[in-house]
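Engineer: Quick check, what structure comes out for this input:
(one chain, ligands or ions: 2)
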Amino acid sequence: MAPSHPVTPVEHAQAVAAFLAPLRTRIELPSAAETMPLAEAEGRILAADVLSTVAVPPFANSQMDGYAVRSADLASAGPDSPVRLPVGRTSAAGDPIGELREGTAAPVMTGAPIPAGADAVVPIEAADPPRFLGIGSGTGSGSGTDRHDVPEGTTVAFAAPVAPGSFVRAAGADLVPGAVILTVGTRLGPAQLGSLAAAGIAEAPVRPRPVVLLLSTGHELRPPGESLGSGQIHDANTASLSAALRESGAVVATAFAPDDADALLAVVLAHPEADLVLTTGGVSAGAFEVVRDALEPVGVAFGPVAMQPGGPQGLGIARLALGDAVRDAPVIAFPGNPVSALLSFEMFLRPVLRGIAGLPPRRPVQIAPLAHALSSPVGKHQVRRGAMRGDGSVEVGAPGSHLLHDYARATVLVHVPIGVDALPAGAEVEVWRIDE
Ligand SMILES: Nc1nc2c(c(=O)[nH]1)N[C@H]1C(S)=C(S)[C@@H](COP(=O)(O)OP(=O)(O)OC[C@H]3O[C@@H](n4cnc5c(N)ncnc54)[C@H](O)[C@@H]3O)O[C@H]1N2
Ligand code: MOO
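Structural biologist: Ligands and ions are numbered 1, 2, ... in the order given. Purely as a prediction, here's the structure:
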């Protein structure tokens, strides 16, 4: 970034994406893959194609509760000339594959193997009688026992022919052995995890997630839950940015650094696992700018972005001395005001992290008319928090970068571009939905 004159938010977003490109490349290396049990793989990205070694389903099975038949046996069946067949042995889900004797019909339940020799299923509703008699666990033949055989002499009639293959789910219909189940880069959601499980796969190769050290700075901060002394406030950024980072697929470590440059560097050095250090606070023009003081001399550039809130930003590799060795720590520095910090995340970091995580990088965008007039600093891209009204217009809240509660109630972010100093009611603005 250019530290002396403001860059546009678009330019800074591109700079952040370029800055994190090496991290993305590293994460996407096949050799970086981790093997993860399915139960822990939700939301992760596949690091390699996954192939099936088995057929799914593994055997031909019935799509309906009914009778497995040879379709040829019913060729002459009609309303006036029903075909009556002796009832053979039942096939229930979980039974081994049986065999259908020629000229018989075998009760078959949904998901049960089609007996060898059968090529079609007639649903029970189309049989006469249209219900199973003398089989199952409710037949009174003794508690807990399932009856698979009907009494000798039982028959069933069919009043229509059946096409070969009717209601038969073929072996391998979902997956054949050797088929690619999912390709590299696929995000593992419910259907993907289920499909892997159906193919008997218990663990998957996934890409590592970026580890972000989130570092809040400022003597005035106390964790929520603690009482405040004079001049102190509760730390909001750790909560908001931790959630934002996790929602975008990152693993978060949190730390706090007081307003002391050496202490801040020590915290960074104590977290070698971090792929990225994200700081909040201590970057503007005050006399106690700990982030700037600590990191500017070791390589991080600070400067204004023409955005409001979120103007002061920092970006760069901090080269830190570690005994005789050095450690390069990629750093992104956000301003401390809670709205500024969260909007900085929204504009600069969220799209990149979500791209790495296989998530849609952009918010849903729409154009909406303003419910009322507003003003904006002409040299800055202003991002206001707003809410959609029932009539489709957008009501815009106050611009202050300390008004986090307003943000919490907002449903949209309202964008007022550089070069605009005022807009009348009814003017059309770009809004990003944040309520999904
Ligand atoms: N003379 C100037 N003053 C300021 C300028 C400027 O250009 N010239 N820029 C203003 C803008 S814009 C912003 S944004 C802030 C940025 O300040 P810092 O990043 O240095 O942040 P701090 O001074 O540490 O804090 C600002 C504000 O936010 C509160 N804060 C900080 N961290 C947290 C947290 N984790 N949770 C809740 N609140 C936090 C802090 O108490 C301050 O009130 O500078 C302006 N000033
Ligand atoms: O740019 Mo600051 O982020 O407005 O409060």
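Engineer: just checking, Tyr407 touches Leu342?
Structural biologist: Yes - Tyr407 is within contact range of Leu342, at 6.6 Å (criterion: CB atoms under 8 Å). C-beta: built from backbone N, CA, C; applies to glycine.
Engineer: Look at the two and report which has more neighbours.
Structural biologist: The neighbour comparison of Tyr407 against Leu342 (other CB atoms under 10 Å) goes to Leu342, with 26 against 18.
Engineer: What sits closest to that one if chain neighbours are left out?
Structural biologist: Setting aside the residues directly before and after it, Leu342 is nearest to Ser240 in space (CB to CB, 6 or more residues apart in numbering), at 5.1 Å.
Engineer: That neighbour and His402: what is the separation?
Structural biologist: Relative to His402, Ser240 is positioned 13 Å away (CB to CB, to the nearest Å).
Engineer: Which neighbours do the two have in common?
Structural biologist: Pro338 (CB atoms under 8 Å, 6 or more residues apart in numbering).
Engineer: So for these two, which sits in the more crowded spot?
Structural biologist: Higher neighbour count among Ser240 and His402: Ser240, with 19 against 15, using other CB under 10 Å.
Engineer: Name the SS class of the more buried one, please.
Structural biologist: The local conformation at Ser240, judged by DSSP: H, G, I helix; E, B strand; the rest coil, is helix.
Engineer: got the contact list for it?
Structural biologist: Ser240 is in contact with 338, 341-342, 404, counting by CB under 8 Å, 6+ apart.
Engineer: And for Pro361?
Structural biologist: 350-352, 354-355.
Engineer: and it, how far is that from His415?
Structural biologist: Following CB to CB, the distance that separates Pro361 from His415 is 16 Å.
Engineer: Could you do Leu193 as well?
Structural biologist: Leu193 is 37 Å from His415, by CB to CB.
Engineer: Secondary structure class of the residue nearest to Ala160 when sequence neighbours are not counted, three-state.
Structural biologist: The shortest distance from Ala160 to any non-neighbouring residue, by CB to CB, 6+ apart, is to Ala77 (5.6 Å). Three-state call for Ala77 (three-state DSSP): coil.
Engineer: where does Ala77 fall, phi/psi-wise?
Structural biologist: Main-chain dihedrals, Ala77, degrees, to the nearest 10: phi -70, psi 140.
Engineer: how close does the residue nearest to Leu342 sit to Pro37?
Structural biologist: Counting by CB to CB, the gap from Ser240 to Pro37 is 31 Å.
Engineer: Which strands and helices lie in contact with the helix or strand harbouring Leu315?
Structural biologist: Leu315 belongs to strand 312-322 when assigned by DSSP states H and E. With contacts taken as 3 or more CB pairs under 8 Å, 6 or more residues apart in numbering; DSSP states H and E, strand 312-322 sits against helix 9-28, helix 261-269, helix 290-295, strand 301-304, strand 325-334.
Engineer: Contacts (any at all) between ligand 1 and the shortest one?
Structural biologist: No - contact between strand 301-304 and ligand 1 is absent, the nearest approach being 7.0 Å (criterion: CB under 6 Å from any ligand atom).
Engineer: Would you give the sheet partners of that strand, along with the direction of each?
Structural biologist: In the sheet, strand 301-304 lines up against strand 312-322 (antiparallel) (DSSP bridges).
Engineer: which outside residues touch the partner strand?
Structural biologist: Applying CB under 8 Å, 6+ apart, the set of residues contacting strand 312-322 is 1, 12, 15-16, 19, 265, 268-269, 277, 279, 283-285, 291-292, 295-296, 298-305, 326-335, 344, 348.
Engineer: Now a PyMOL select for only the buried ones of these.
Structural biologist: Applying 16 or more other CB atoms under 10 Å to the contacts of strand 312-322, the buried members can be selected in PyMOL as follows:
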select buried, resi 1+12+15+16+19+265+268+277+279+283+284+291+292+295+296+298+300+301+302+303+304+305+329+330+331+332+333+334+335+344+348
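Engineer: where does Arg409 fall, phi/psi-wise?
Structural biologist: Note on Arg409: its backbone torsions stand at phi -100, psi 0 [degrees, to the nearest 10].
Engineer: Let me see the contact set for it.
Structural biologist: If a contact means CB under 8 Å, 6+ apart, then Arg409 has Ala387 as its contacts.
Engineer: Setting the sequence-adjacent residues aside, check what's closest to the closest residue to ligand 2 within the stretch 101-250 of the chain.
Structural biologist: Residue nearest to ligand 2 within the stretch 101-250 of the chain: Asn237 (12.2 Å; CB to the nearest ligand atom). Counting by CB to CB, 6+ apart, Asn237 lies nearest to Thr280, which is 4.4 Å off, once chain neighbours are set aside.
Engineer: Equivalent analysis for Arg246, please.
Structural biologist: The spatially closest residue to Arg246, leaving aside those adjacent along the chain, is Val252, at 5.8 Å (CB to CB, 6+ apart).
Engineer: how far does the host helix or strand of that neighbour sit from the chain's center?
Structural biologist: In this assignment (DSSP H and E), Val252 forms part of strand 251-257. How far strand 251-257 lies from its chain's middle: 23 Å, per CA atoms, centre = their mean, to the nearest Å.
Engineer: who's in contact with that strand?
Structural biologist: 209-217, 221, 235, 238, 242, 245-246, 263-264, 267, 270-271, 273-274, 279, 290.
Engineer: what about Leu403, how many neighbours?
Structural biologist: Per other CB under 10 Å, the neighbour tally for Leu403 reads 17.
Engineer: Understood, closing this out.
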